[in-house]
Structures are given as C-alpha cells and as structure tokens.
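turn this into a model:
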Amino acid sequence: MRTRTVLLVAFGAGLLGVATGLLVHGPGPLWRTEPGQRALQAVLDAQAPEPPAGVRVARRGEPVPALRLPTLDGGSVALPQAYAGRPLLINVWASWCGPCIEEMPALQRFAASQGTDGVQVVGIALDEAAAVRAFLQRVPVSYPILLDAPGPADAGVRLGNRKGVLPYSVLVSADGRLLRQRIGPFAEGEIASWAGAGKPGESDE
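Numbering: from 1, shown residues only. Take a look at the predicted model:
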C-alpha cells in the first residue's frame, strides 16, 4: 500500500510538472489535440481551489451557467441566451495577456468569415473597461466584447476555467451546452477546425 501511494504521488507530481512546463513554455503538439486538452484540464482542475459556495462551474456536455455581463457601452448581455440558435465560441482574455493579444487577429478573421449562419464569437475581457477600450483602439475587432472582473467566481471560472489560465476558449452548442474547452492560444489556422465540432453534422475528435 505504501509503494502504491508513493507511485501515485510521484505520478501526480509529474503531471503537475508537465502542466507547469506548458504554462511557462507554451503548448506543444500534444496539447493541441482534444485528448491532450482534456488531460491538461484534469491536471489544472486538480490544482485549482474549489469555487465559492453556490457557484456552478460548466462541465462538458452540460448546459453552461447563465451569465449576465456588461458591455463596453454600458449595457449588458445574457450568455448564452442572447446567442442561442447558433454555435458560440467564447474567448476569455485580458489586455495584459500576451498570448491573448497574439491570437485576437485570428479570432477576428474567423468571426468575419462566418457570415450570418456560422459560429458566433464573443470575447470576455477580465479587465478594466478603460484598458479594454484603449486596447481595442489599437487592435479593433468586430465581434462583441463583454467585461468581467477577475476573481474566484468570474465568467472564466464559471465556464470551466477554475485555474484561471488565459487565454481560455469554450465552444457552446446552439442549445447552450459546453462542447469543447481550449486552454491556451490557438495556432494560426486552427480555429475553424476546432470550432467545427459545434456545427450540425460535425463530430468531436
């Protein structure tokens, strides 16, 4: 029993080391696959604190929790209800996050390519409104940007990112279920195939 316990502890420590290496050095090919992302999610969840009492965290295959978030013009939007009927890619980011900034032009190109019946894109900035406005002056995007304050119950946590790693993206089905999670930035040309899992007739990897 003692040997088994030692082996389990060593295995767990190894997984945590791999996750730490990913966060420091960036994702490799394994972490860009769906099995790799699921494994990474499990490791990070094991490190994350429990969410506050009463805070529901999204799980794959289940409806995402209802969120109401402010917009940059002072309004508010209900997620995912406001975007029901079509798949939705939600990207959680911040203006101080280098990898977030690097992937935004690719997200903009993807959003612009979807037309009126494709995958919708929404950004959630865990940031100050003034900082987000200043950033969008330099790097404008046409898809909606919502706001939230970072914390133990922020929108990213509720969407399944309990460890708070940025950028973080989720794919939500047309009927509001969590289909996929993506920890870390997308590679160039990767978004369309990843988001294809949300379209009718497409299957996950």
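
isn't there a strand covering residue 122?
Yes: judged by DSSP: H, G, I helix; E, B strand; the rest coil, residue 122 forms part of a strand.

surely residue 156 is in contact with residue 123?
No: contact criterion Cβ atoms under 8 Å: residue 156 and residue 123 do not qualify, at 11.7 Å. For every residue, glycine as well, the C-beta is placed using N, CA and C.

okay, and the common contacts of those two?
residue 92 (Cβ atoms under 8 Å, 6 or more residues apart in numbering).

can you tell me the SS state at residue 78?
Classified using three-state DSSP, residue 78 is strand.

residue contacts, residue 93?
Contacts of residue 93 by Cβ under 8 Å, 6+ apart are 100-101, 104, 123-126, 166-167.

contacting residues around the helix or strand that contains residue 178?
Taking DSSP states H and E as the criterion, residue 178 maps to strand 178-183. Strand 178-183 is contacted from outside by 31, 34, 37, 40-41, 44, 58-64, 87, 159-161, 165, 168-173, 194, 197-198, 204, using Cβ under 8 Å, 6+ apart.

tell me the secondary structure at residue 91.
Relying on three-state DSSP, one would call residue 91 strand.

does it touch residue 169 like I think?
Yes: using Cβ under 8 Å, residue 91 is in contact with residue 169, at 4.7 Å.

would you list every one of the helices in this protein?
For the chain, helices defined by DSSP state H occupy the ranges 2-25, 34-47, 98-113, 129-138, 155-158, 191-195.

all good on my end, thank you.
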